[in-house]
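Asker: Pasting a predicted model and its sequence here:
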Amino acid sequence: QKEVEQNSGPLSVPEGAIASLNCTYSDRGSQSFFWYRQYSGKSPELIMSIYSNGDKEDGRFTAQLNKASQYVSLLIRDSQPSDSATYLCVASSTVSNYQLIWGAGTKLIIKP
Amino acid sequence: KAGVTQTPRYLIKTRGQQVTLSCSPISGHRSVSWYQQTPGQGLQFLFEYFSETQRNKGNFPGRFSGRQFSNSRSEMNVSTLELGDSALYLCASSHGPGRANVLTFGAGSRLTVL
């Protein structure tokens, strides 16, 4: 069974600090990875996508991928209360017909 | 540019009834996926349609079915409703399967089964 594992949290981070969200995946054939953010009562929305080993930066967000360790992370710099949400890690593999495998999400709380 | 539209937004049914939910994707998107979200189970994949064909299917009983029309609009049906079917049903659209399959979600249809 292909799985994506995330710590459910909640992860509490002081405002202005770096929030680090982590995710591991079981399918070595996974090639595409996505981070979605879901505010309470709202639908998920894409934050970042990453396809190659290394870091990808977009504003305050940095996605990191290590395929050898089957590990994906999302760093949020200068965390703001508006970053408080659940963050969902997603993996996609050609082996699974590009079916998206979703993690259960990590709840992030930014304390003012 | 209009987003993904789901109807109805809220509905209440009783056990044993059936329900049909509708999803209109973003213009130009040919893929539609359906998810069930509950507080205890998170986001659970139901099925994905592309060009009127079901590409992938999650681990749900046969009571859950779907289809996609030639204009990419999709419907999902749940027959013989059970209390456990109470959930938020999310539809998402994208251009189609592939490496960069980015989903855009609708606001969801919240189903309550009494």
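Answerer: Nice, I can see it.

Asker: Relative to chain B, which residue of chain A is the closest?
Answerer: When scored by CB to the nearest CB, chain A has residue A:43 as its residue closest to chain B, at 3.8 Å. For the C-beta atoms, the positions are set from N, CA and C on the backbone; glycine is no exception.

Asker: Give me the nearest residue to that residue, chain neighbours excluded.
Answerer: Nearest non-adjacent residue to residue A:43, counting by CB to CB, 6 or more residues apart in numbering or on different chains: residue B:105, 3.8 Å away.

Asker: Which pLDDT value goes with the one you found?
Answerer: Per-residue confidence (pLDDT) for residue B:105: 98.

Asker: In contact with it, which residues are there?
Answerer: A:43, A:44, A:45, B:4, B:90, B:91, B:92 (CB atoms under 8 Å, 6 or more residues apart in numbering or on different chains).

Asker: ditto for residue A:103
Answerer: Here residue A:103 is in contact with A:4, A:5, A:6, A:23, A:88, A:89, A:90 (CB under 8 Å, 6+ apart).

Asker: give me that answer again for 10 Å
Answerer: A:3-8, A:21-25, A:35-36, A:72, A:87-91, B:42-43 (CB atoms under 10 Å, 6 or more residues apart in numbering or on different chains).

Asker: Please, which helix or strand holds the nearest residue to residue A:44 once chain neighbours are set aside?
Answerer: Closest residue to residue A:44 apart from its sequence neighbours, by CB to CB, 6+ apart: residue A:36 at 4.0 Å. Using DSSP states H and E, residue A:36 maps to strand A:30-38.

Asker: list the buried ones in that strand?
Answerer: Residues of strand A:30-38 classed as buried: A:30, A:32, A:33, A:34, A:35, A:36, A:37, A:38 (neighbour count, 16 or more other CB atoms under 10 Å in any protein chain shown).

Asker: tell me which parts of chain A are close to chain B?
Answerer: A:1, A:6, A:8, A:31-32, A:34, A:36, A:38, A:41-46, A:49, A:51, A:86, A:88, A:90, A:92, A:94, A:96-105 (CB under 10 Å from any CB of the partner chain).
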